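Chemist: Sequence first, predicted model second:
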Amino acid sequence: MAGLYFEEFSVGQIVKTASRTVSEDAIFSFAGLTGDYNQIHTDAEFAKTTPFGQRIAHGLLGLSIATGLIMRTGLLEGTVLAFREIQEWKFVKPTFIGDTIHAVLNVAEMKALPRIGGGSLLAVVEVRNQKDEVLQKGTLNLLVLSKPKE
């Protein structure tokens, strides 16, 4: 397994992910998957009349991309048991078509859970754009496997 085991994480550990540009195709694919064809996401002329002045990505698309980018780091490859909870998530600024986003993960708390063979990691996550502006932020609770006893 390439991922880190619960015991290999540490409070205060910070990880910055790779980046990904949010395309119009991603927005339409997400709309198709979710059924959310809200005009703010899919109608350029309507979106011009909004305070944003243009189409924006679904907030949950930004969160979904961020979790994918976190998985691409390899930290949790083969060791994550479950994505347990989202806590206090805030959508701070919109994500526009063409924004290049990345996530910054900071391990804030760890709690061993021997009964499940692992532990809980509380990770404070910020989703940032190419200008390093925070677009979304919150806390993810992840269940991670413990290192096998030798």
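Modeler: Cool, got the structure.
Chemist: Okay, helices next: where are they in the chain?
Modeler: 24-34, 39-42, 44-48, 59-72 (DSSP state H).
Chemist: Could you give me the buried positions within the longest one?
Modeler: Spelled out, it's helix 59-72. 59, 61-67, 69-70 (16 or more other Cβ atoms under 10 Å). No exception for glycine: its C-beta is placed from N, CA and C like everyone else's.
Chemist: so how far is it from its chain's centroid?
Modeler: 4 Å (Cα atoms, centre = their mean, to the nearest Å).
Chemist: and the residue nearest the centre of the chain, how far is that from residue 102?
Modeler: Compute the mean C-alpha point of the chain, and by Cα atoms, centre = their mean the closest residue is residue 66, 2.8 Å away. Going from residue 66 to residue 102 by Cβ to Cβ, to the nearest Å gives 8 Å.
Chemist: Find residues that contact each of the two.
Modeler: Residues touching both residue 66 and residue 102 (Cβ atoms under 8 Å, 6 or more residues apart in numbering) are 17, 127.
Chemist: Show me where this structure has its strands.
Modeler: 14-16, 20-21, 80-91, 100-113, 118-128, 134-145 (DSSP state E).
Chemist: Dump those strands to TSV, plus distance to residue 2.
Modeler: Shown next, in TSV, are the strands of the chain (distance: least, Cβ to Cβ, whole Å):
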stretch	distance to residue 2
strand 14-16	14
strand 20-21	20
strand 80-91	12
strand 100-113	17
strand 118-128	16
strand 134-145	13
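Chemist: Just tell me which of those strands ends up closest to residue 46.
Modeler: Between residue 46 and those, the tightest spacing by Cβ to Cβ is seen for strand 80-91, at 19.7 Å.
Chemist: Next, the angle helix 59-72 makes with that closest one.
Modeler: For strand 80-91 against helix 59-72, the angle by axes from the mean of the first three to the mean of the last three Cα atoms, to 10 degrees is 140 degrees.
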